[in-house]
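**Student:** this one's sequence-less:
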Ligand SMILES: Nc1nc2c(ncn2[C@@H]2O[C@H](COP(=O)(O)OP(=O)(O)O)[C@@H](O)[C@H]2O)c(=O)[nH]1
Ligand SMILES: [Mg+2]
């Protein structure tokens with residue numbers, strides 16, 4: 001038992017050291033990195049397919065008065081196997097690197113460091129890290145990101161914050177996705193809200209449907225704010 005604890009401590013120490021280096025490197029380049037964490041199928045890649053074209057000006061935000069400053073995104077795609085998500089992102093015509101864990105249930109900071117080596121960081125404002133689909137392990141590993149974003153879909157059940165408290169405690173924002181399916185589920189918004197707020201008083205919750213586009217504009221506005229925080233008000 002004592003040996004196991006020592007090994008775990010050492011893995012986390014190595015990770016924290018690499019995460020601190022990533023954070024310094026990103027700050028020096030004034031690049032915002034966001035770590036997207038959810039169960040498999042909650043909609044991480046779908047969310048990226050919605051927000052990235054809006055951020056880079058390829059699609060107009062409904063109701064926006066004037067075109068907004070262009071935000072250049074890149075993606076680090078974490079998966080256990082296949083390059084399928086990276087292929088989806090490549091269609092958006094932005095830089096993407098697939099990070100395969102070969103069975104590992106989460107990304108670690110050393111993998112992010114190698115992924116950053118492959119990106120043209122001087123030409124990027126925002127790096128999305130799509131973590132491996134899992135709502136337990138990824139929350140334990142700091143990658144050097146500016147913020148963790150949790151994505152929960154209404155088809156997963158409103159008990160998930162109570163059952164997986166670490167992720168919901170750690171997130172800076174939460175996307176509640178697949179709102180178009182809400183009438184077909186028994187997801188209880190009151191239970192979700194109560195349990196989530198018991199763990200996290202501050203994080204905004206965005207009710208979104210990647211299928212219909214509902215709520216995407218508000219979330220995109222929040223992403224712009226994060227980039228503005230990193231780059232200074234005059235830049236975005
Ligand atoms: N009805 C509905 N389906 C969605 C929504 N978002 C994603 N999906 C579907 O959910 C499945 C998993 O989405 P994906 O983005 O690959 O999830 P990921 O594994 O978290 O990256 C796909 O079949 C998507 O089309 C949504 O808002 N509504
Ligand atoms: Mg995906």
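**Tutor:** Yes, it's here. Keep in mind it's a predicted model, so treat the numbers as computed, not measured. Numbering: from 1, shown residues only. Ligands and ions are numbered 1, 2, ... in the order given.
**Student:** who's in contact with the residue of the chain found nearest ligand 2?
**Tutor:** At 3.4 Å from ligand 2, residue 45 is the closest residue in the chain, using Cβ to the ion. Bear in mind the C-beta positions are built from the backbone N, C-alpha and C, glycine included. Taking Cβ atoms under 8 Å, 6 or more residues apart in numbering as the contact definition, residue 45 lies against 85, 88-89, 130.
**Student:** Within reach of ligand 2, which of these are there?
**Tutor:** Intersecting those with the surroundings of ligand 2, defined as Cβ under 5 Å from the ion, gives residue 85.
**Student:** Which one of the contacts of residue 45 sits in the busiest neighbourhood?
**Tutor:** residue 130 (27 neighbours; other Cβ atoms under 10 Å).
**Student:** Surely that one and residue 76 touch.
**Tutor:** Yes. The pair formed by residue 130 and residue 76 meets the contact definition of Cβ atoms under 8 Å, at 7.1 Å.
**Student:** tell me which parts of the protein are close to ligand 1?
**Tutor:** By Cβ under 6 Å from any ligand atom, the part of the chain that sits against ligand 1 consists of 38, 40-46, 133, 177-178, 180-181, 209-211.
**Student:** in the protein, which helix or strand is least confident?
**Tutor:** Averaged element by element with mean pLDDT, DSSP states H and E, the chain has its least confident helix or strand at helix 2-28 (a mean of 88).
**Student:** does any bit of the helix or strand following that helix sit next to ligand 2?
**Tutor:** Sequence order places strand 32-38 as the next helix or strand after helix 2-28, per DSSP states H and E. No. Using Cβ under 5 Å from the ion, strand 32-38 stays clear of ligand 2, with a minimum separation of 8.6 Å.
**Student:** how far is the next helix-or-strand element following strand 32-38 from where the chain is centred?
**Tutor:** Once the chain leaves strand 32-38, the next helix or strand it forms, by DSSP H and E, is helix 44-55. Averaged C-alpha coordinates place helix 44-55 at 11 Å from its chain's average position (Cα atoms, centre = their mean, to the nearest Å).
**Student:** Rounded mean pLDDT for helix 44-55, please.
**Tutor:** Averaging pLDDT along helix 44-55 gives 97.
**Student:** Check stretch 225-232 too.
**Tutor:** With pLDDT averaged residue by residue, stretch 225-232 scores 94.
**Student:** Give me the contact list for that stretch.
**Tutor:** Residues outside stretch 225-232 that contact it (Cβ under 8 Å, 6+ apart) are 27, 30-32, 34, 71, 125-126, 146-147, 235-236.
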